[in-house]
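*Asks:* my questions are about this predicted structure, shown below with the sequence.
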Amino acid sequence: MDDKANPLSGARDAAQAADLLVKVAAQLNERLALTAEELARSQAVLREASGELMTAFRGAADRLVAAQRDSASGAAPAGSPDYGVVLDHLYNAVQHLQSHDLVNQLIDAQKLRVEKMREKLEEALALATAPIADPQRPDQWLERSRAMLDCIVAGIRQIDEDARTPIRTDKEHAGSVDLF
């Protein structure tokens, strides 16, 4: 007896295909959760490093400015001709540190995309838990798989649309890095 003549075999194959789709969606969801955690850790490290660098640069610039004031009042010699060059380097470094705002916005955008895809995968997995009225009918397994795939494709489509949308700046935090 071939598989086309045996509806039970077709239903079994369709159920196995649906189970495979569930496993793939669950594994993708787990990997996206790890990606979200890695993005959050990267962002925390970036914030900490930027804060430490900003403090160090600000402290160095403050000392240079204080030394210049002291030398102007006669308390110390006028300093080396490298003073201006060093101060310029510090100011340039601080300006480059301001890029951490942009990097944080990029990371936030990626975290949002990952979260949206995770939501769609969870929605697809929820579709897989609904009972099948007649497990012996392959069309019901295929309909479940089709609904899961439609949900996943909708998530991918949303991510693609979001990727084309320019990053909005958070006006509350934009330019939060002060120049001396």
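*Replies:* Arrived safely, thanks for sending.
*Asks:* what sits against the closest residue in space to E115 that isn't next to it in sequence?
*Replies:* Excluding the flanking residues, the one nearest E115 by Cβ to Cβ, 6 or more residues apart in numbering is A36, at 6.6 Å. To be clear about C-beta, it is placed using only N, CA and C from the backbone, and glycine gets the same treatment. For A36, the contact set (Cβ atoms under 8 Å, 6 or more residues apart in numbering) comprises K111, V114, E115, R118.
*Asks:* now A36: how far from K116?
*Replies:* Distance of A36 to K116, computed by Cβ to Cβ, to the nearest Å: 11 Å.
*Asks:* what's the spacing between the helix or strand containing K120 and its chain's center?
*Replies:* Taking DSSP states H and E as the criterion, K120 maps to helix 99-129. The chain centre lies 7 Å from the centre of helix 99-129; the measure is Cα atoms, centre = their mean, to the nearest Å.
*Asks:* and stretch 24-41, by the same measure?
*Replies:* 10 Å.
*Asks:* and the lowest-mean-pLDDT helix or strand in the chain, what does it pack against?
*Replies:* One helix or strand of the chain scores below all others by mean pLDDT, DSSP states H and E: helix 83-97, with a mean of 78. Using 3 or more Cβ pairs under 8 Å, 6 or more residues apart in numbering; DSSP states H and E as the contact test, the elements touching helix 83-97 are helix 7-72.
*Asks:* tell me the angle the helix it packs on makes with helix 99-129.
*Replies:* 160 degrees (axes from the mean of the first three to the mean of the last three Cα atoms, to 10 degrees).
*Asks:* how far off centre is helix 7-72?
*Replies:* 6 Å.
*Asks:* got the angle between that helix and helix 83-97?
*Replies:* Using the same axes, to 10 degrees: helix 7-72 against helix 83-97 is 160 degrees.
*Asks:* switch the contacts of A36 over to a markdown table; also include pLDDT.
*Replies:* As requested, the contacts of A36 are exported to a markdown table (pLDDT from 0 to 100):
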| residue | pLDDT |
| --- | --- |
| K111 | 92 |
| V114 | 92 |
| E115 | 93 |
| R118 | 93 |
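*Asks:* buried subset of those?
*Replies:* K111, V114, R118 (16 or more other Cβ atoms under 10 Å).
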